[in-house]
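Can you look at this prediction? I've put the sequence above it.
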Amino acid sequence: MIRLHLHLLSDSTGETLENIAKAGLAQFDGVETIKHFWPMVRSEGHLDRVLVEIAQRPGLVIFTLVNHEIRQRLETRCHALGLPTVSALDPVIDALSRVLGQTAMERPGRQHILDAAYFARVEAIQFTIAHDDGIGAEDWEDSDVVLAGVSRTSKTPTSIYLANRGYKVANIPLVPQSPPPPSLFQLKRPIVVGLTTSPDRLVQVRRNRLLSLNQAPETDYVDQEAVSAELAFARRIFSDNGWPVIDVTRRSIEETAAAIINLVNERRKPENGE
């Protein structure tokens, strides 16, 4: 097992760096990563305090700093300490500068400006939270996406992820003993997507859930035969209504969301005349 101290320095929130680091680390096995986040580094004094911490825990330094004086100070000090540094956004900004024929503006955190897209995301998140687990059926027509599936098929986390991308999402559990409201089958604006998984995987997920709640681990909720029947019930609903279906058995939340976004974009093409 390789142990790595990873220092992430940003003059903004550090969200971009965290995503880049996560994507990069996913390509390596056998690494114990200790992440150190240093957001809002916008002065030499602040940088100097961070550098003291970096010197005590040497490792890889990845940064997004637009101020030339601060980034040069960081690179110089890290070079003296023998530490590698990576400016995460330089290749992208340089390429954009060449293509657009413009010089990049040195504005920290400019991507977080409170524009219309930001408020649309906030609205989508509020809508999605208010329409979780079958709530608010009267407003489902206002959704961009409605997710349907049996319990523990990642409907809620997928909904929240999509909401952070600006999509209004409602989700509903499909329960054989309690059929969904007729309005679900009459929706016109939103795309309804069925989520399914393998019986073995669903039993495992549900059993872990019960154990985490200190509940009896052996009930119909995790009975193999009952779970298979439940999934078959949901598949019949998907098939009868012609809904697209995504098997989440071997998919991460991000992969499931990406597939749903593709479905939404395909649906919107005829509307846009493309």
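Arrived safely, thanks for sending.

helix or strand for the most centrally placed residue in the chain, which one?
A centroid search over the chain (CA atoms, centre = their mean) returns residue 161, at 4.6 Å, as the residue closest to the centre. Assigned by DSSP states H and E, residue 161 belongs to helix 155-164.

Show me what that helix packs onto, helices and strands only.
With contacts taken as 3 or more CB pairs under 8 Å, 6 or more residues apart in numbering; DSSP states H and E, helix 155-164 sits against helix 116-130, strand 145-149, strand 169-173, helix 253-272. Using the backbone N, CA and C atoms, a C-beta is placed for each residue, glycine as well.

give the contact list for the residue nearest to the centre of the chain.
The neighbours of residue 161, taking CB atoms under 8 Å, 6 or more residues apart in numbering as the test, are 253, 254, 257.

What about the closest residue to residue 46 other than its chain neighbours, how many residues nearby?
Using CB to CB, 6 or more residues apart in numbering and skipping the chain neighbours, the partner closest in space to residue 46 is residue 40 (7.6 Å). Per other CB atoms under 10 Å, the neighbour tally for residue 40 reads 14.

And residue 40, how close does it get to residue 47?
11 Å (CB to CB, to the nearest Å).

and what of residue 205?
With CB to CB as the criterion, residue 205 and residue 47 are 45 Å apart.

who's residue 171 bridged to?
residue 147 (DSSP bridges).

if we can go back for a sec, the residue nearest to residue 46: what secondary structure?
Recorded secondary structure, residue 40: coil (DSSP: H, G, I helix; E, B strand; the rest coil).

these two touch, right, it and residue 10?
Yes: contact criterion CB atoms under 8 Å: residue 40 and residue 10 qualify, at 7.3 Å.

hmm, back to that, could you give the angle of the helix holding residue 161 to strand 169-173?
Orientation check (axes from the mean of the first three to the mean of the last three CA atoms, to 10 degrees): helix 155-164 against strand 169-173 gives 170 degrees.

what's the angle from helix 155-164 to strand 145-149?
Using the same axes, to 10 degrees: helix 155-164 against strand 145-149 is 170 degrees.

mind checking how far helix 155-164 is from the chain centre?
8 Å (CA atoms, centre = their mean, to the nearest Å).

please begin residue numbering at 48 from this point
That works, and once the first residue is 48, the last one we named lands at helix 202-211.

Any buried residues in that helix, and which?
202, 203, 205, 206, 207, 208, 209, 210 (16 or more other CB atoms under 10 Å).

what ranges do the helices span in this structure?
62-72, 91-103, 115-128, 137-147, 163-177, 202-211, 246-259, 271-288, 300-319 (DSSP state H).

wait, which of those helices is closest to residue 234?
Residue 234 lies closest to helix 271-288 among these, at 9.9 Å (CB to CB).

So what's the residue count around residue 262?
Neighbours of residue 262 (other CB under 10 Å): 10.

Any chance of TSV for the helices and strands packed on helix 202-211, columns mean neighbour count, distance to residue 138 and mean pLDDT?
Putting the helices and strands packed on helix 202-211 into TSV (neighbours: other CB atoms under 10 Å; distance: least, CB to CB, whole Å; pLDDT from 0 to 100) gives the following:
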stretch	mean neighbour count	distance to residue 138	mean pLDDT
helix 163-177	14	25	87
strand 192-196	25	34	98
strand 216-220	25	34	97
helix 300-319	14	23	85
